[in-house]
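Peer 1: Provide a 3D model corresponding to the input given below.
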Amino acid sequence: DRDGRPEGRRSHTRNSIIQMYLLAIDTATNSGGVALARNEEVIGVVMLKTPLRYSDNLIPMIDFLLHHSGVALSDLGALAVANGPGSFTGLRIGLATVKALGQALKIPAVPISTLEALAWRFSSDGQPVAVMIDARRQQVFAAAYGFAAGRPLVEAGPVVARPEKWLTSLPARPYRFAGDGSSLYRNAIQGVRPEARVLEADNQILDPLCRLGFRLFGEGKAVSVDRLEANYVRPSDAELGLAAS
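Peer 2: Below is the predicted model of the structure:
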C-alpha cells in the first residue's frame, strides 16, 4: 500500500461482498496444524498431535484443507503463524513454510506469540490467565495476561523457567492456569496458589491464530514474510553447547 505496508489479497464474491481468506499455521505446539478463516469466521481446521511429523504432513494438510474448503492458494490474502515459543524444529518448519508461501503468493504474514494466542483462547470472560506450555527439562514456557477490550496484555513473561520459580514470581492476581504445562504441574500450582483454578486445556491455538491474525491484519500489523523471526525464548542445544565450550 502507499505507506509501504504489505497488503493482502482480497477475494470478491458474486454479490461483491469483499472477503479475505487467511491461512493460519501452528507447528510450535503439540496440538498444531492449519486453519482457514474467511474474514473472522474459521471455516476449516486440520490438527495433528504428532509434532515430530510436521515436516512430512504440513503441506499435505494445507492442500487438504484448501481443497475441501473450495479455496485456491491464489485466494489467500494473508497468513498467520505461531512464532514461538515452542518446539525448535517445529518453529523452523512452520516459518519456512509461511515464508515460501508468502513469497510465492506475494502476501504478508502476521506473527503471533504462541502464549498470547493460548491466552486469547480464554479471553471471553475477561479474567486474567496464566499460560504454561511444557518446555521439557522440567521447565515451562510461561506468561501471564490480563485483558483489555478482549486483547491479551502481558503482565509477566514470557519466560522459560522451572514452574515453582515462575509461580512464586507472579503478581498476586486471581489467575486461571491453562496449557499442557498447567496440567502437568498442577500440584506445583496448587502448592503455591491453593485457590488457583487449573483449566483442563491442551495447547490448541489454531482458532485463536485465525481470529487474532485477522484482527491484527486489519490493524496493519502484518509484515513482509522476509521479516519473520522465531521467538525461541531460550537458546537451542547447539547454542548452549557453544556457550559451554
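Peer 1: Let me know how buried residue 226 is, in neighbour terms.
Peer 2: Using other CB atoms under 10 Å, the number of residues around residue 226 comes to 9. Yep, even glycine has a C-beta here, placed from its N, CA and C like the rest.
Peer 1: same thing with residue 56?
Peer 2: Residues lying near residue 56 (other CB under 10 Å) number 12.
Peer 1: Next up, identify which helix or strand it is on.
Peer 2: helix 54-69 (DSSP states H and E).
Peer 1: Strands of this structure, start to end?
Peer 2: 11-12, 18-19, 21-26, 32-38, 41-48, 76-82, 109-112, 129-134, 140-148, 151-161, 176-178, 197-198 (DSSP state E).
Peer 1: now for those strands, which one comes closest to residue 95?
Peer 2: Set against residue 95 and scored by CB to CB, those come closest in strand 76-82, at 6.4 Å.
Peer 1: Would you mind getting the angle between that closest one and strand 21-26?
Peer 2: 20 degrees (axes from the mean of the first three to the mean of the last three CA atoms, to 10 degrees).
Peer 1: got the angle for strand 76-82 vs helix 54-69?
Peer 2: 140 degrees.
Peer 1: where's strand 76-82 relative to the chain centroid, distance-wise?
Peer 2: The chain centroid and the centroid of strand 76-82 are separated by 11 Å, computed with CA atoms, centre = their mean, to the nearest Å.
Peer 1: Compute the inter-axis angle for that strand and strand 32-38.
Peer 2: 150 degrees.
Peer 1: quick one: strands adjacent to strand 76-82?
Peer 2: strand 21-26 (parallel), strand 109-112 (parallel) (DSSP bridges).
Peer 1: Report the buried residues of stretch 120-133.
Peer 2: 120-123, 128-133 (16 or more other CB atoms under 10 Å).
Peer 1: Closest to residue 104 out of the residues you listed?
Peer 2: Nearest to residue 104 among the buried residues of stretch 120-133, counting by CB to CB, is residue 120 at 28.9 Å.
Peer 1: Read off the pLDDT value for that closest one.
Peer 2: Residue 120 carries a pLDDT score of 94 in this model.
Peer 1: ok, the closest residue to it other than its chain neighbours - contacts?
Peer 2: Setting aside the residues directly before and after it, residue 120 is nearest to residue 208 in space (CB to CB, 6 or more residues apart in numbering), at 4.5 Å. Contacts for residue 208 (CB atoms under 8 Å, 6 or more residues apart in numbering) come out as 117-118, 120-121.
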